[in-house]
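In: With the sequence up front, the predicted model follows.
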Amino acid sequence: MARSIRQPKLPSWQAIWHIIQFFWKGAHPQQQRTVLGGLLLLTVLSLFAGTVLVFESIQRGEFISALAARDSQRFQIALVRFVGILLLSAALLSVSAYVRDRLGLHCRKGLSRQFLNTYLADQHYYHLPTEVDNPDQRISEDIRNISQLSVIVFAIFLESGVQLIGFVGVLLSISLGLTGFLLVYALVGSAIVTWVFGMRLTRINAEQLKREANFRTHLIDIRENAESIAFYQKQQGEFSLGNTQERHKAGHQFAQVVHNFNQFIRWQFGLDCFQNGYQYLTFILPSLILAPRILAGDLEVGAIVQSQAAFDRIWLSLSLVVVQFEQLTALAASTGRLQTLLSAISSQQQAIDSALTIQIVEQPEMVVDHLTLQLPSPQLFSTPLQITQEELKKELKKEPQEKQRFLFKDISFIANAPLLITGPSGIGKSSLVKAIAGLLKQGRGTIGYPHDDILFLPQQPYMAVGTLRQQLIYPTSQSPHSDEVLLNILNQVQLTEFTNLDQALDQALDQVLDQVKDWSGTLSTGEQQRLAFARLFVRQPTYAILDEATSALSIQQEKALYQQLAATNITFISIGHRPSLLAYHPQVLVLTDSNTWELRKSDPESTYL
């Protein structure tokens with residue numbers, strides 16, 4: 001039975017520790033030394049700053065007491081010391097903030113690099129279950145929040161620990177009763193905030209991050225599919241049907257954002273009321289408690305200043321949950337979301353490792369040997385690739401009509417000549433290509449080909465952000481040809497409307513190839529498919545897999561491209577429905593509705609297309 005991916009029910013400190021372990025295990029030794037050095041320096045600065053702050057409060061009291069006693073010599077000494085401590089404290093706070101920000105930035109760089117490597121490795125981004133929403137936001141915003149807030153919280157807790165020890169000593173020297181009262185006061189306030197406001201605001205923060213990301217993602221979808229949406233229009237009325245649908249969807253998602261944020265505002269209002277009232281009481285409590293002793297002459301007036309400062313700092317140290325609650329809830333929400341992403345990737349990898357999977361091997365010739373491909377069933381599996389060997393063996397023994405869980409069984413062929421894969425729509429032709437590419441691994445059998453010498457052309461090519469040259473050489477970063485050869489290839493695939501060779505030769509070639517545009521928006525689907533063929537001619541791999549790569553082209557354009565492809569040394573496998581494709585493929589692999597297959601010689605008069 002498949003396990004669904006749920007939000008981990010871990011305390012935030014456990015999630016933080018899990019992420020720290022993930023960061024530390026993947027960090028380079030030099031990176032580890034840099035982080036340790038930054039933490040050590042921040043620790044020293046925080047300890048020093050906390051100590052200076054204790055002496056500052058003591059000297060402030062001495063300064064006030066000297067004024068009250070009208071002792072000029074004592075006042076001058078106290079003033080010089082007090083000013084010196086203030087200057088030192090200001091310098092320490094500035095340097096500490098600088099080190100803290102640099103350390104946070106360094107942690108973000110390292111953690112982002114490792115999350116990106118993990119997310120992009122082994123096609124995890126492709127197989128990630130839908131339960132893990134908005135991985136882009138988790139990797140960008142949540143890592144930023146964790147890197148910044150965790151360092152800030154670490155420094156605050158460290159400084160507060162030093163201040164707690166120092167100021168408790170100051171306060172004990174003034175009043176034992178005041179010290180005991182403050183300890184009880186701070187602990188009770190922290191407990192109230194944690195249990196009354198804590199759990200609720202943490203959940204609301206996490207939900208707000210999710211709803212904001214969903215709203216932003218929908219707006220991105222509208223931008224990327226603007227033309228398709230605009231075509232769904234009606235003859236009369238202010239809005240087209242497509243506009244109306246998207247307006248309602250976006251409005252609904254924004255309403256969810258507003259509704260959740262309203263809850264946050266209400267709970268934050270309650271927390272602010274409690275925090276403000278709770279904190280303002282500390283302004284007067286020390287004076288009320290110490291007033292009888294001062295009026296009796298047992299204490300100097302400066303003791304009020306010292307006790308006030310000590311009371312405030314001890315209260316802040318013991319009430320960090322109250323004072324820093326907003327940052328702590330944001331940190332808890334972000335760590336929870338990153339923990340979910342790591343857990344999903346880990347579970348996915350464990351499912352791959354434990355499943356009976358198709359073997360992809362490296363060899364010079366493409367051979368598919370007894371390939372059985374399982375249909376990823378959402379009713380049975382919460383994530384792709386999640387099946388045990390026992391389950392698969394049982395299913396292999398079942399008849400197709402008993403349970404349609406296999407697209408096909410025991411397909412075998414050797415791709416030593418162009419091959420056309422065809423069959424009814426939805427039969428699994430594209431799934432076969434995905435299995436060859438290693439994107440689908442549920443099943444059994446072996447697929448072999450030269451891994452570094454094959455290129456896949458999907459029906460909708462990916463248009464990378466960048467220059468025209470980068471489009472041509474994608475997915476590599478270095479061009480194997482001169483600029484003139486690249487322009488000739490563009491003309492070869494009939495993209496002369498963008499780069500006319502005669503005109504290009506009259507100007508600098510790099511001005512043509514280095515133009516930057518929104519290629520997915522500038523080029524039509526047919527032009528994008530021709531550009532994908534240009535990539536194929538640029539790279540010249542041994543094998544090419546074309547998944548309906550000419551579906552948006554005319555018969556004449558398709559003929560021109562396939563004739564050029566046939567003239568190369570590239571062995572190509574195509575998926576398609578057009579009878580015109582038979583002329584370029586001597587073999588045809590036909591997939592049928594009954595989970596069977598048949599390898600035939602090409603026959604233009606056949607009706608199996």
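Out: Ah, there it is.
In: which residues does the closest residue to Ile454 other than its chain neighbours form a beta bridge with?
Out: Nearest residue to Ile454 in three dimensions, chain neighbours excluded: Tyr543, at 4.3 Å (C-beta to C-beta, 6 or more residues apart in numbering). In this view, the C-beta of every residue, glycine as well, is placed from N, C-alpha and C. Beta bridges link Tyr543 to Ile454, Thr571, judged by DSSP bridges.
In: you'd agree Tyr543 is up against Thr568?
Out: No. Taking contacts as C-beta atoms under 8 Å, Tyr543 lies outside contact range of Thr568: 11.6 Å.
In: domain assignment for this structure?
Out: 31-349, 432-439+450-601 (automatic domain parsing).
In: nearest to Glu365, of those domains?
Out: Of all the domains of the chain, domain 432-439+450-601 sits nearest to Glu365, with 8.2 Å by C-beta to C-beta.
In: Start and end of the closest one, how far apart?
Out: Across its full length, domain 432-439+450-601 reaches 20 Å end to end, with C-alpha to C-alpha, to the nearest Å as the criterion.
In: biggest helix in this structure, by residue count?
Out: Ranked by residue count under DSSP state H, the longest helix found in the chain is helix 72-120.
In: Go ahead and measure how far that one is from the middle of the chain.
Out: 29 Å (C-alpha atoms, centre = their mean, to the nearest Å).
In: Report the rounded mean pLDDT for it.
Out: Average pLDDT, helix 72-120: 84.
In: what does stretch 249-260 give?
Out: pLDDT averaged over stretch 249-260 gives 88.
In: same question, stretch 269-280
Out: What stretch 269-280 shows for mean pLDDT is 78.
In: Tell me if Gln564 really is in a strand.
Out: No. Assessed with DSSP: H, G, I helix; E, B strand; the rest coil, Gln564 is helix; it does not lie in a strand.
In: Tell me who's in contact with the spatially closest residue to Ser89 that is not a sequence neighbour.
Out: Among residues not flanking Ser89 along the chain, Val52 sits closest, at 5.0 Å (C-beta to C-beta, 6+ apart). Shown in contact with Val52 (C-beta atoms under 8 Å, 6 or more residues apart in numbering): 85, 88-89, 92.
In: Tell me how far Val52 lies from Leu158.
Out: To Leu158, Val52 is 14 Å away according to C-beta to C-beta, to the nearest Å.
In: Same question for Arg444.
Out: 56 Å.
In: other SSEs contacting the longest helix of the chain?
Out: helix 12-26, helix 29-69, helix 143-174, helix 325-354 (3 or more C-beta pairs under 8 Å, 6 or more residues apart in numbering; DSSP states H and E).
In: Including mean pLDDT and distance to Arg108, could those go into CSV?
Out: Converted to CSV, the helices and strands packed on helix 72-120 look like this (pLDDT from 0 to 100; distance: least, C-beta to C-beta, whole Å):
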stretch, mean pLDDT, distance to Arg108
helix 12-26, 77, 10
helix 29-69, 80, 12
helix 143-174, 80, 4
helix 325-354, 75, 12
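In: can you list the ones you listed in a markdown table and add distance to Thr596?
Out: Output for the helices and strands packed on helix 72-120, formatted as a markdown table (distance: least, C-beta to C-beta, whole Å):
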| stretch | distance to Thr596 |
| --- | --- |
| helix 12-26 | 46 |
| helix 29-69 | 55 |
| helix 143-174 | 49 |
| helix 325-354 | 28 |
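In: just to revisit the earlier point, quick one: which of Tyr543 and Thr568 has more around it?
Out: Taking other C-beta atoms under 10 Å, Tyr543 and Thr568 do not tie; Tyr543 has more neighbours (18 against 13).
In: among the domains of the chain, which is nearest Leu373?
Out: domain 432-439+450-601 (5.2 Å).
In: Off-centre distance for the closest one?
Out: 31 Å.
In: and what of stretch 329-345?
Out: With C-alpha atoms, centre = their mean, you get 11 Å for stretch 329-345.
In: Run through who's touching it.
Out: Contacts for stretch 329-345 (C-beta under 8 Å, 6+ apart): 5, 7-8, 10, 12, 15-16, 18-19, 22, 115, 118-119, 124, 128-129, 131-132, 135, 138-139, 141-143, 145-146, 149-150, 153, 198, 201-202, 205-206, 209-210, 383.
In: rerun that using 6 Å as the cut-off
Out: 5, 7-8, 12, 15-16, 18-19, 124, 129, 132, 135, 138, 142, 145-146, 149, 201-202, 205-206, 209 (C-beta atoms under 6 Å, 6 or more residues apart in numbering).
In: cool, stretch 75-88 as well?
Out: 52, 55-56, 59, 62-63, 66.
In: Give me the below-cutoff pLDDT ranges for the stretch 301-450 of the chain.
Out: Regions of the stretch 301-450 of the chain meeting the criterion pLDDT under 70 cover residues 301-312, 315-326, 348-356, 375-405.
In: Can you list the residue ranges for strands in it?
Out: Ranges of strands within the stretch 301-450 of the chain are 359-362, 367-374, 406-414, 419-422, 443-449, based on DSSP state E, counting those that start in this stretch.
In: List the strands paired with the last one, with their directions.
Out: Right, the one you point to is strand 443-449. Checking strand 443-449 against DSSP bridges gives partners strand 359-362 (parallel), strand 367-374 (antiparallel).
In: buried stuff in that strand?
Out: 443-445, 447-449 (16 or more other C-beta atoms under 10 Å).
In: Gln556: helix or strand, and which one exactly?
Out: For Gln556, the host element (DSSP states H and E) is helix 555-566.
In: Which positions in that helix come out as buried?
Out: Judged by neighbour count using 16+ other C-beta under 10 Å, the buried positions of helix 555-566 are 557-562, 565.
In: contact partners of it?
Out: Taking C-beta under 6 Å, 6+ apart as the rule, helix 555-566 contacts 533, 550, 580, 584.
In: Among these, which lie within helices?
Out: Among those, the members found in helices (DSSP H) are Phe533.
In: Can you lay out the contacts of helix 555-566 as a markdown table showing pLDDT?
Out: Converted to a markdown table, these look like this (pLDDT from 0 to 100):
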| residue | pLDDT |
| --- | --- |
| Phe533 | 94 |
| Thr550 | 91 |
| Ser580 | 88 |
| Tyr584 | 91 |
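In: now, the most widely separated pair of the contacts of helix 555-566?
Out: Phe533 and Ser580 (15.9 Å).
In: Which one of the two is surrounded by more residues?
Out: Between Phe533 and Ser580, counted using other C-beta under 10 Å, Phe533 has the larger neighbour count: 27 against 15.
In: my guess is the more buried one meets Val493, correct?
Out: Yes. With contact defined as C-beta atoms under 6 Å, Phe533 counts as touching Val493 (4.9 Å).
In: ok, how many other residues are close to Cys273?
Out: Cys273, neighbours per other C-beta under 10 Å, totals 10.
In: Figure out the helix or strand that Gly251 lives in.
Out: helix 241-280.
In: swap in Leu553?
Out: Per DSSP H and E: Leu553 is located in neither a helix nor a strand.
In: just checking, it touches Gly526?
Out: Yes. Counting by C-beta under 6 Å, Gly526 is a contact partner of Leu553 at 5.2 Å.
In: out of those two, which sits in the busier spot?
Out: Neighbour tally, Leu553 and Gly526, criterion other C-beta under 10 Å: the higher count belongs to Leu553, 20 against 15.
In: Phi and psi next, for the more buried one.
Out: The phi/psi pair for Leu553 (degrees, to the nearest 10) reads phi -100, psi 160.
In: For stretch 158-168, buried residues please.
Out: By neighbour count with 16+ other C-beta under 10 Å, stretch 158-168 contains the buried residues 158-160, 162-164, 166-168.
In: Pull the most distant pair out of those residues.
Out: Most distant of these, by C-beta to C-beta, are Leu158 and Val168, 16.3 Å apart.
In: Run a quick neighbour tally on the nearest residue to Ala435 once chain neighbours are set aside.
Out: Of all residues not flanking Ala435 in the chain, Leu373 sits nearest, at 5.2 Å (C-beta to C-beta, 6+ apart). Residues lying near Leu373 (other C-beta under 10 Å) number 23.
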